[in-house]
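>>> Show me the folded form of this:
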Amino acid sequence: MRVENTTRALALRLGVTALALAASPVLLLAGGPLRRQYLRHAYRSGTRGLVCKEEGWVRPAYFVATNSALRVLCLPSERLLGKIRHAGLPSRRHPTGDAAGDDVDGTR
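Numbers count the residues shown, from 1 in each chain. Model prediction:
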């Protein structure tokens with residue numbers, strides 16, 4: 001999207017905020033992992049950046065990545081996920097050291 005058209009940019013920004021508020025129950029519960037995956041996709045290597053000042057354009061993903069309402073709504077699930085990761089969940093290994101469900105010869 002060209003930066004010169006500020007009306008479209010404002011409409012897109014308001015649309016992202018409205019959709020974030022409409023999807024707030026989902027974002028409160030699972031927004032953290034969804035947002036992190038989206039940002040990883042938007043910033044992956046081999047793609048154009050979100051903003052190109054030389055050419056004067058902005059990708060619509062920029063408005064999603066920088067939206068304050070979306071970030072705030074995803075914060076509770078981010079914090080919960082961080083606490084779970086920090087606490088360290090037990091591994092799925094069988095108590096004998098073999099992977100759960102594996103026989104002695106390694107077959108299931």
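
>>> Setting the sequence-adjacent residues aside, check what's closest to residue 20.
Excluding the flanking residues, the one nearest residue 20 by CB to CB, 6 or more residues apart in numbering is residue 70, at 4.4 Å. For glycine as for every other residue, the C-beta is placed from the backbone atoms N, C-alpha and C.

>>> mean confidence score for the helix or strand containing residue 16?
Per DSSP states H and E: residue 16 is located in helix 6-22. Mean pLDDT, helix 6-22: 89.

>>> Now do the contacts for the residue nearest the centre of the chain.
The centroid of the chain falls nearest to residue 35 when counting by CA atoms, centre = their mean (1.8 Å). The contact partners of residue 35, by CB atoms under 8 Å, 6 or more residues apart in numbering, come to 27, 70-71, 74, 78.

>>> Please repeat the previous calculation with a cut-off of 6 Å.
Counting by CB atoms under 6 Å, 6 or more residues apart in numbering, residue 35 makes contact with residue 74.

>>> Compute the distance between it and residue 86, please.
19 Å (CB to CB, to the nearest Å).

>>> Residue 26 now?
24 Å.

>>> ditto for residue 44
26 Å.
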